[in-house]
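> Just the structure for this:
(2 chains)
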Amino acid sequence: MSIARWLRRLILACLLLVPALATAQVADADAQQLLTALAESSFAGKKAVIGRIAGSGDERARRWLEAFADNKLARLESSGRFVIVLSNRGRNWTLADALTGEPLGEVSRRDVDTIRINNSLRNELTSVLSVLDLKSPDPASRLAAARALRGKVDEGLAERLPGLMADESAPAVHQALEEALAIYRVAEQGDVQAVATLSGSLNSEARAALRNATASDDPVLAQAATRALERIEQKLKLNRAAETLYFGLSLGSVLVLAAIGLAITFGVMGVINMAHGELIMLGAYTTWGMQQLLPGQPGLALILAIPAGFLVAALAGIAIERTVIQHLKGRPLETLLATFGVSLILQQLVRTVISPLNRTVVTPDWMSGSVMINEALSLTLNRMVVIGFALVVFAGLMLIMRRTRLGLEVRAVTQNRAMARAMGIRATRVDILTFGLGSGVAGLAGVALSQITNVGPNLGQSYIIDSFMVVVFGGVGNLWGTLLAGLSLGTINQLLEPWAGAVLAKILVLVFIILFIQKRPRGLFPQKGRAAEG
Amino acid sequence: MWLTRPLQERSTQVFLGVLFAALIAVTALHLLMPQDSALYVSAYTVTLLGKYLCYALLAVAVDLVWGYLGILSLGHGAFFALGGYAMGMYLMRQIGDRGVYGDPVLPDFMVFLNWQALPWYWHGFDMAWFAFLMVLLAPGLLALVFGFLAFRSRVTGVYLSIITQALTFALMLAFFRNEMGFGGNNGLTDFKDILGFDLRTDATRLGLFLATGIALAIGYVICRAIVVSKLGRLSVACRDAEARARFLGYRVERVQLFVFVVSAMLAGVAGALYVPQVGIINPSEFSPLFSIEIVVWVALGGRATLYGAVIGALLVNYAKTVFTGVLPDAWLFALGGLFVLVTVFLPRGIAGVLQRRRAAAGPREATA
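This is a model prediction of the structure:
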């Protein structure tokens, strides 16, 4: 027992050492010798040399062999130096040293003696090259190479694969190689055992091989393949459900971001701010402006846009509060109209000052791309960041409302203004700060939205109705309700989309909310107790 | 009779007098003046004025629910557009085989979409009486169902406003879809004639203008009759103290529902008269912006006066025509500014200013 363990450790240690050795380059003299052999042997001899080069473990080997396959590996007649042709246009060719990689500039093409190759060698090279990556020290590139092999395995490779698999240490790569081999066996040899290996695979090549196998003459194979396909379909369905859920959460988090500021101004303060959407737009334009100020650094600009967007929107919100809303206290319908006027003015202002056209906001590198969970499911990174951002903003707001003096004062003023003032709270100051906070959060929503939709003058308008729906659905004055309402509405929308279409899904959601409000006029989580009065 | 009661009122008499005088004046100037005279009113202007009168009727409908019932509807554009679509469907069927594709039954856009048969809801619209009935019934039914649900569960105030806005927004999205069978994005257009009269002739245009004027007069009288009746006083009671009205034993939701449906029907009539004059109806009439614009006409004119709504609609739309002609960019600034200034500085609108003047001149007339 203990010996077995000791042995296993020894093997593991060896396996760990192999990549370390592989990074080393073979001595230049050896390399020179290998290349000379390649240049001077017969075509039959070259085949053996290719094998030696590939087996040398030299990290430059790939480059040599690729150049060789492209007719770009050459020797200078004058010096005997091996070079790689970078450009073979015109009379002078651009070269680089094959051993050191140093650029050699342009050399007359008469001096360049290309190493000759034929088609059978080329075929050999393609299979050697694909295996070469499998020996790379980097597990990620080994995995990519192994995945690329699926469906492309030929007879020669199939013989070599079991050996490669035995050497392979990373389980993911091992599995990919196993699948590649199994695809070959199912497709070419009708191997029933191999079907079992494929039954968990999400790869499209594997599915194609199984689908072909279902039509096979061998009833055992056909039945096994059908069963395997069914299992795969099941798995795919699960993945699709996960993807829909992800899109739903992503849409939902956008809704939460757009609505959470409104939940403060409308829900807590009771002020209807129809210009809320335009505050979101201001946040998005701040991001754009930041990126104009810091060209070439979209990531930094985006980070800076977070406080800047908050400030711009908060100041704009406070200006609206001071000039318009405070004069309309206690007249909610008039507030609605006046702030709608403000929203029209802000929209037109952006159209006139900046442009009526959409602006492009650059997505920084660390936010683009996607995370691959498995082959049927990959999650885009920018949406993931937005989901995270929405949750952070929500948590921050929650903290402010529950744990700070401001939050306490806000709750006091909303519940009983006169009494709060009698207790020494300066209600006007609380109004300004609360409205600024809600507006600032709208600005944050704008910064996030700039990463996933177009930034244009109509940006805010398209979110205002949705935002109000979310707040009303969740229950006015309840931040948790807003979070739950936003996420669930987003998910419902995404669930409906596949069979109803995007527009109809939106209509259905609106109708659903309208009906829901009839049933529960105060939303999912109605306020209770004193806060419910007034 | 309850309908004729407002005719004995001084304010109604003045309103109707001014309205009919204007109608006659425009007709006379259009028909009698030579074309090169400065006083000549062109057919274009007649149609434009007709359009304003449609808006005025719509504003009266909104004022009825907002001013007297306290319900700020941000979705009256939906009722207007539904009436317009009912009329548009009738006009489409009147085109017959004169369309681009020459199909005797199917409108052009359906041929374009490769539809083989008329959808069931398009049947009957070739008959004028049915279409005109639908002008009243389509918005009326929507208002009935929507109002029944909303008022029964006591959704009021801001919530109701936002829901009405969502309603018109949802309808806009729906009508934008080609599959709905209402022409999608482009809506209904290319109308040829109405009741056998060619829509492009000046005489038909003048006729439509006069019809709109008369419809406005009738709509105004109906609203006024409701307002001065017991029902009207009850609706004001619901507006000012809903809970108290309910405790006194009145069925508040029934009052609200009745007035809301009447108002929606009036809006539908306004839409139906609007469509043949502008020659097109498309989903943009459902846009929340349009509905909220109507409210600002009423706010500018002064709510709960009815005639104020008419003044506001005419003024704002005249300003819109002028602005969009001269300074297209400035119109939204002006409209936005109007929203803010009216609500902050003129809470009772122009009518409020007029009333204050009169109150200052002689206290006895102030209650008229």
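> contacts, neighbours, all on C-alpha from now
Will do.
> And residue A:480, how far from residue A:463?
20 Å (C-alpha to C-alpha, to the nearest Å).
> And residue A:461, how close does it get to residue A:344?
Using C-alpha to C-alpha, we find residue A:461 at a distance of 10 Å from residue A:344.
> Check what pLDDT residue A:2 gets.
On pLDDT, residue A:2 comes in at 56.
> sorry, that was for residue A:76
pLDDT, residue A:76: 82.
> partners of it in the sheet?
Counting by DSSP bridges, residue A:76 is bridged to residue A:112.
> In this structure it contacts residue A:82, no?
Yes - if you go by C-alpha atoms under 8 Å, residue A:76 and residue A:82 touch, sitting 6.4 Å apart.
> More neighbours: those two, which one.
residue A:82 (27 against 16; other C-alpha atoms under 10 Å in any protein chain shown).
> Residue A:168 - nearest residue in space that isn't next to it in sequence?
If the residues on either side of it in the chain are set aside, residue A:168 comes closest to residue A:174, at 6.0 Å by C-alpha to C-alpha, 6 or more residues apart in numbering or on different chains.
> Give me the contact list for stretch B:5-15.
B:221, B:224-225, B:228, B:307, B:368 (C-alpha atoms under 8 Å, 6 or more residues apart in numbering or on different chains).
> What residue in the stretch 51-200 of chain A comes nearest to chain B?
residue A:200 (41.2 Å; C-alpha to the nearest C-alpha).
> hmm, who's touching stretch A:453-471?
A:255-256, A:258-260, A:262-263, A:267, A:274, A:276-281, A:284-285, A:347-348, A:350-351, A:356-361, A:481-482, A:485-486, A:489, A:510, A:513, B:162, B:165-166.
> Please apply the same query to stretch A:337-352.
A:272-278, A:320, A:324-325, A:356-357, A:457-458, B:292, B:296, B:329, B:332-333, B:335-341, B:343-344.
> before we move on, which element is the residue nearest to residue A:135 when sequence neighbours are not counted in?
Closest residue in space to residue A:135, ignoring its immediate chain neighbours: residue A:142 at 6.9 Å, by C-alpha to C-alpha, 6+ apart. In this structure, residue A:142 sits in helix A:139-149 according to DSSP states H and E.
> can you pull the contacts of the closest residue to chain B within the stretch 151-300 of chain A?
Nearest residue of the stretch 151-300 of chain A to chain B, counting by C-alpha to the nearest C-alpha: residue A:272, 8.1 Å away. Applying C-alpha under 8 Å, 6+ apart to residue A:272 gives the contacts A:265-266, A:332-333, A:335-336, A:339.
> Tabulate the residues you listed (JSON lines), appending pLDDT.
Below are the contacts of residue A:272 laid out as JSON lines (pLDDT from 0 to 100):
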{"residue": "A:265", "pLDDT": "86"}
{"residue": "A:266", "pLDDT": "83"}
{"residue": "A:332", "pLDDT": "82"}
{"residue": "A:333", "pLDDT": "82"}
{"residue": "A:335", "pLDDT": "88"}
{"residue": "A:336", "pLDDT": "86"}
{"residue": "A:339", "pLDDT": "91"}
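> Show me which residues of the stretch 151-300 of chain B sit near chain A.
B:152-155, B:157-159, B:162-163, B:165-167, B:170-171, B:173-174, B:177, B:292, B:296 (C-alpha under 8 Å from any C-alpha of the partner chain).
> run the last query once more with 10 Å
Within the stretch 151-300 of chain B, the residues that sit near chain A (C-alpha under 10 Å from any C-alpha of the partner chain) are B:151-167, B:169-174, B:176-177, B:288-289, B:292-293, B:295-296, B:299.
> Please work out how many residues are found near the residue in chain B positioned nearest to chain A.
Using C-alpha to the nearest C-alpha, the closest approach of chain B to chain A is made by residue B:336 at 3.7 Å. Residue B:336: 25 surrounding residues under other C-alpha under 10 Å.
> What does the pLDDT read for residue A:449?
The predicted structure lists residue A:449 with a pLDDT of 91.
> mind listing what it touches?
By C-alpha atoms under 10 Å, 6 or more residues apart in numbering or on different chains, the residues touching residue A:449 are A:254, A:257-258, A:280-281, A:283-284, A:287, A:383, A:386, A:443, A:455, A:459.
> roughly how far apart are it and residue B:283?
Counting by C-alpha to C-alpha, the gap from residue A:449 to residue B:283 is 27 Å.
> what does residue A:54 give?
Applying C-alpha to C-alpha to residue A:54 and residue B:283 gives a distance of 68 Å.
> cool, residue A:467 as well?
Following C-alpha to C-alpha, the distance that separates residue A:467 from residue B:283 is 23 Å.
> ok, back up a step: I'd assumed the residue of the stretch 51-200 of chain A closest to chain B was in a helix, is it?
No - looking at residue A:200 with DSSP: H, G, I helix; E, B strand; the rest coil, it is coil, so not inside a helix.
> Please, where are all the helices along the stretch 1-150 of chain B?
Here the stretch 1-150 of chain B has its helices, by DSSP state H, counting those that start in this stretch, at B:10-32, B:43-69, B:76-95, B:108-112, B:128-152.
> helix or strand right after the last one?
Following the chain from helix B:128-152 toward its C-terminal end, the next helix or strand by DSSP H and E is helix B:157-176.
> who in the stretch 201-350 of chain A is up against chain B?
So the stretch 201-350 of chain A meets chain B at A:270, A:272, A:323-328, A:331-349 (C-alpha under 10 Å from any C-alpha).
> List buried residues within the residues you listed.
Those of those that meet the buried threshold are A:270, A:272, A:324-326, A:328, A:332-349, by 16 or more other C-alpha atoms under 10 Å in any protein chain shown.
> Could you pull up the contacting residues of the closest residue to residue B:88 other than its chain neighbours?
Spatial nearest neighbour of residue B:88, chain neighbours left out: residue B:188 (6.1 Å); criterion: C-alpha to C-alpha, 6+ apart. By C-alpha under 10 Å, 6+ apart, the contact list for residue B:188 reads B:84-85, B:87-89, B:91-92, B:107-109, B:182, B:275, B:279-283.
> same deal with residue A:201?
A:175-176, A:179, A:207, A:228-229, A:231-232, A:235-236, A:374-376.
> Also residue A:72?
Each residue near residue A:72 by C-alpha under 10 Å, 6+ apart is listed here: A:64-66, A:83-88, A:95, A:113-116.
> Tell me how many other residues crowd the closest residue to residue A:203 other than its chain neighbours.
Nearest non-adjacent residue to residue A:203, counting by C-alpha to C-alpha, 6+ apart: residue A:375, 6.3 Å away. Residues lying near residue A:375 (other C-alpha under 10 Å) number 12.
> for the one 5 residues further on, same thing?
As a burial measure, the neighbour count of residue A:380 was computed by other C-alpha under 10 Å and equals 17.
> Please save the CA atoms from stretch A:346-354 in CSV.
Output of stretch A:346-354 as CSV, limited to C-alpha atoms (Å, rounded to 0.1, in the frame of the first residue of the first chain):
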residue,chain,number,x,y,z
LEU,A,346,-32.3,67.0,-20.7
GLN,A,347,-32.9,64.7,-23.7
GLN,A,348,-32.9,67.6,-26.1
LEU,A,349,-29.9,69.1,-24.3
VAL,A,350,-27.9,66.0,-25.0
ARG,A,351,-29.1,66.0,-28.6
THR,A,352,-28.2,69.6,-29.2
VAL,A,353,-24.9,69.7,-27.3
ILE,A,354,-23.4,66.3,-28.0
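> That'll do, ta.
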